[in-house]
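In: sequence plus predicted model, see below.
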Amino acid sequence: MMDSQEQTPIEEQNVEQNVVETAAEVEQPAEDAVAEQPAEEQPVLDNAVAETEAEPERKQYETKQEVLERVRELAHGDEAPQKDEVDYLKTCFYKLHIAEREAQLKAYIDGGGDPEQYQITPDQIEEAFKAEMVVVREKRQQLFRQQEQEKLDNLEKKLAIIEKIKSMVTSPEEANKSYKDFKALQDEWKEIKNVPADKANELWRNYQLYVEQFYDLLKLNSEAREYDFKKNLELKTKLCEAAEKLADEEDVISAFHQLQKLHQEYREIGPVSKELREEIWQRFKAASTVINKRHQQHFEGLRAKEEENLERKTKLCEQVEAVAAEENKSGADWEKHTKQIIDLQTEWKTIGFAPQKMNVKIFERFRAACDDFFSRKAEYFKGLKNTFKENAEKKRALVEKAKALQDSTDWKSTSDKLINLQKEWKTIGMVPKKLGDQLWEEFLGACNKFFEARNAAGAGQRGEEHQNLEKKRDVIARLKAAAEEAGDGLQEKVQQLVEEYQAIGHVPFKEKDKLYEEYHAVLDKLYKDLNISVAKRRLSKFKDNLKQVAERGGNALDSERARLMRQYEQLKSEVQTYENNLGFLNASSRKGNSLIDEMNRKVQKLKDEVQLVRDKIKAIDAENAKQDS
């Protein structure tokens, strides 16, 4: 598992926003061995479970400085540092530390900072905390070595006491005389505390064996022995009552540890009379079994909860892996998936520990998926930053071109150039919003300056355009009237009206399209009625002109044919371009459908034009063939 100092990626680095998990060391229940002997002095708990002390009420620390002060007390004071408190202090410190780091990063990003440029500043409090923790660890290691040495010393002392009692048992005639020395050895035994755990049971059995043998040798001072038996029975009875009362203790862990102390006291008390030994031990053992079972059930519940936590964390791993595997086509996709992963990280923090053997592995799996996602996100935005830079340079270039044209008085040519610049602008990708708005304002300002000047210069033309509008409407009305007439002269009349219409100048721009549609609708009807197509008329006129060109001789026909061939190739290229562009339009939108219809009409018109040019070329070829013959 990661050290609690580590952070999960925050958004751009992040945005854990972080998953931080500190492995609290919870000792798992381990059953002690039970000696198979009925003796009342059985020293080991039946099916006992070793466990840490009950969890104490912990102080809630508000700042890293408070945690640091407590660590300094443990490092330099007389108090012996306890492992559970040291772990708790470490967890508290880094939770506060990481929260502080996240707040600093968020403030930096909210202030417009670039996440890629963010650097973590050194923290003096963290450095001081690490230094003091080193002292605490050294102090605990020294304390542990001292405790182990004390246990070895205590073992030697107790072995010496057993040897002394053993020597008393081997001299029965001296048993009564040695009674006071024997009692002194028993008192000395009680004063000696812990010994190495792997030696405790065997040591105790040997001690009890020789104590019982000594008591069995006491014959002359039977009153003293009976007094001891009675006193020991009273003490052990009280311990039985205390053990039985623990069954009502709500705190299972506390009850278990109190029972440990009762067993320690039971060991220190001497024997009772032989006929009561098994009875008093069975009573104490029965009370112990109740507490042990409750304790065992408690940890079975913990194990079940840990398994449930493992199942929940496994599902979160699957979810975060699925999100990380989704495709991100845009910055919006990255932000959406970032929020989903941060939500999963937040949920992860609410789940307790998994079983000890899986706790590290499941967290590493979760962390790996998060790290993979955020590292790829960082690469994406790094590349996007370069793209933004390129797009900004392209738009700056267009701004400069527009500014260079803004004072031009070549209205037609400059209008076309600026319109092309606007079209090109739309093809350039995104840039950061603030810069994009600034560049657009400059570009739009240059365009507006030109078009406003053009409009002002063309104000005098508007009256003439309105007059032309009325003239063209009059022609359209006469065409509609002609459509109702019949006769051989209709075609010539229509042609005259068409020529009159075409001779009229420009009309207001906003009326142009509507007028165009009305005009061509009338013509289409007329040509349909007369069974005349525009192409046939143009071809017929071309053939008439062709005869005059042929009469002039020279290379006129060949020059015209070469010109038509170039026009033919150009028109074919335009048709191909339009057909390619049709493939990129989104036909799913109404706007897309309208544009497709318009482009299809243009394509058809171009194809008709291509056919007309081909027919003209054929006409030239036919004329050349006549001359050759």
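Out: On my side now, so go ahead.

In: longest single helix anywhere in this structure?
Out: helix 274-325 (DSSP state H).

In: tell me the helix or strand right after it.
Out: Where DSSP states H and E defines the elements, the next helix or strand beyond helix 274-325 is helix 331-349.

In: low-scoring stretches of the stretch 451-600 of the chain, by residue?
Out: With pLDDT under 70 as the threshold, the stretch 451-600 of the chain has low-confidence stretches at 458-462, 486-488, 527-535, 537, 544, 547-548, 550-554, 584-595, 597-598.

In: now with 90?
Out: Flagging of the stretch 451-600 of the chain using pLDDT under 90 yields the residue ranges 451-473, 475-565, 567-600.

In: where exactly do the helices run in it?
Out: Assignment of helices within the stretch 451-600 of the chain using DSSP state H, counting those that start in this stretch yields the ranges 461-483, 490-503, 509-529, 534-552, 556-582, 590-628.

In: which one, of those, ends up nearest to residue 235?
Out: Distances from residue 235 to each of those were compared by Cβ to Cβ, and the smallest falls on helix 590-628, at 97.3 Å. Every C-beta, even on glycine, is put in place using the N, C-alpha and C of the backbone.

In: okay, buried residues for that closest one please.
Out: Neighbour counts using 16 or more other Cβ atoms under 10 Å place 595, 603, 606, 609-610, 612-613, 615-617, 619-620, 623 of helix 590-628 among the buried residues.

In: quickly note the distance from the residue nearest to residue 557 when sequence neighbours are not counted to residue 561.
Out: Take residue 557 and drop its neighbours on the chain: the residue closest to it by Cβ to Cβ, 6 or more residues apart in numbering is residue 620, 5.5 Å away. Taking Cβ to Cβ, to the nearest Å as the measure, residue 620 falls 5 Å from residue 561.

In: also residue 407?
Out: Summarising the geometry, the distance separating residue 407 from residue 561, computed by Cβ to Cβ, is 46 Å.

In: who has more neighbours, those two?
Out: More neighbours surround residue 561 than the other of residue 407 and residue 561, with 18 against 11 (other Cβ atoms under 10 Å).

In: I'd guessed the more buried one sits against residue 617; true?
Out: Yes: applying Cβ atoms under 8 Å, one finds residue 561 in contact with residue 617, separated by 6.1 Å.

In: give me the common contacts of those two.
Out: Residues touching both residue 561 and residue 617 by Cβ atoms under 8 Å, 6 or more residues apart in numbering: none at all.

In: residue 71 sits in which helix or strand?
Out: With elements taken from DSSP H and E, the one containing residue 71 is helix 64-76.

In: past that helix, which element shows up next along the chain?
Out: Counting by DSSP H and E, the element after helix 64-76 in chain order, helix or strand, is helix 83-110.

In: now residue 208. Its backbone dihedrals?
Out: Note on residue 208: its backbone torsions stand at phi -60, psi -40 [degrees, to the nearest 10].

In: count residues in the vicinity of it, would you?
Out: The local packing of residue 208 (other Cβ under 10 Å) involves 20 other residues.

In: ok, residue 99 next?
Out: Here the count is done by other Cβ under 10 Å, and residue 99 has 13 residues near it.

In: can we start the residue count at 159 from this point?
Out: From this message on, residue numbering opens at 159, which makes the last subject residue 257.

In: separation between it and residue 729?
Out: Applying Cβ to Cβ, one obtains 70 Å for the distance of residue 257 from residue 729.

In: check residue 505 too.
Out: Relative to residue 729, residue 505 is positioned 65 Å away (Cβ to Cβ).

In: neighbour-wise, which of these two wins?
Out: A count of neighbours by other Cβ under 10 Å puts residue 729 above the other of residue 505 and residue 729, at 19 against 14.

In: so the more buried one is in contact with residue 767, correct?
Out: Yes: with contacts defined as Cβ under 8 Å, residue 729 counts as touching residue 767 at a distance of 5.6 Å.

In: next up, the contacts around the nearest residue to residue 676 once chain neighbours are set aside.
Out: The shortest distance from residue 676 to any residue other than its chain neighbours is 5.9 Å, reached at residue 634 (Cβ to Cβ, 6+ apart). Taking Cβ under 8 Å, 6+ apart as the criterion, residue 634 is in contact with 659, 673, 676-677, 680.

In: go with 6 Å
Out: The neighbourhood of residue 634, defined by Cβ atoms under 6 Å, 6 or more residues apart in numbering, consists of 676-677, 680.

In: now list the buried members of these.
Out: Buried members of the contacts of residue 634, counted by 16+ other Cβ under 10 Å: 677, 680.

In: find the nearest non-adjacent residue to residue 707, please.
Out: Here the nearest residue to residue 707 in space, its sequence neighbours aside, is residue 714; by Cβ to Cβ, 6+ apart that works out to 4.8 Å.

In: quick revisit: Throw the buried residues of helix 748-786 into a markdown table and include distance to residue 602, thanks.
Out: Output for the buried residues of helix 748-786, formatted as a markdown table (distance: Cβ to Cβ, whole Å):
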| residue | distance to residue 602 |
| --- | --- |
| 753 | 24 |
| 761 | 33 |
| 764 | 34 |
| 767 | 37 |
| 768 | 39 |
| 770 | 42 |
| 771 | 41 |
| 773 | 47 |
| 774 | 46 |
| 775 | 47 |
| 777 | 51 |
| 778 | 51 |
| 781 | 55 |
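
In: nearest to residue 342, of the residues you listed?
Out: Taking Cβ to Cβ as the measure, residue 342 sits nearest to residue 753 out of the buried residues of helix 748-786, at 111.5 Å.

In: end to end on stretch 638-648, go ahead and measure it.
Out: Across its full length, stretch 638-648 reaches 12 Å end to end, with Cα to Cα, to the nearest Å as the criterion.

In: what residues does it touch?
Out: Counting contacts by Cβ under 6 Å, 6+ apart, the residues outside stretch 638-648 that touch it are 651-652, 680, 683-684.

In: from those residues, which is closest to residue 232?
Out: Ranked by distance to residue 232 (Cβ to Cβ), those are led by residue 680 at 101.0 Å.

In: pLDDT-wise, which helix or strand of this structure ranks last?
Out: When each helix and strand of the chain is scored by mean pLDDT, DSSP states H and E, helix 692-710 comes last, with a mean of 71.

In: am I right that residue 553 is in a helix?
Out: Yes: for residue 553, which was evaluated using DSSP: H, G, I helix; E, B strand; the rest coil, the result is membership in a helix.

In: residue contacts, it?
Out: 586, 597 are the contacts of residue 553 under Cβ under 6 Å, 6+ apart.

In: rewinding a little: from residue 729, how far out is the residue nearest to residue 715?
Out: If you measure residue 778 against residue 729 using Cβ to Cβ, the figure is 17 Å.

In: and the closest residue to residue 238 other than its chain neighbours, how many neighbours?
Out: Across the structure, with Cβ to Cβ, 6+ apart as the measure, the residue nearest residue 238 apart from its sequence neighbours is residue 301 (5.5 Å). Residue 301: 13 surrounding residues under other Cβ under 10 Å.

In: which strand or helix spans residue 301?
Out: With elements delineated by DSSP H and E, residue 301 resides in helix 282-327, which encompasses its position.

In: OK, contacts around the residue lying closest to residue 225 once chain neighbours are set aside?
Out: Leaving aside its sequence neighbours, residue 225 sits nearest to residue 251 (Cβ to Cβ, 6+ apart; 4.4 Å). Counting by Cβ under 6 Å, 6+ apart, residue 251 makes contact with 222, 225, 287.

In: so for residue 251, what's the pLDDT?
Out: Per-residue pLDDT puts residue 251 at 87.

In: what mean pLDDT does the helix or strand that residue 519 is a member of have?
Out: Using DSSP H and E, residue 519 sits in helix 514-563. The pLDDT scores in helix 514-563 average 85.

In: no more questions from me, cheers.
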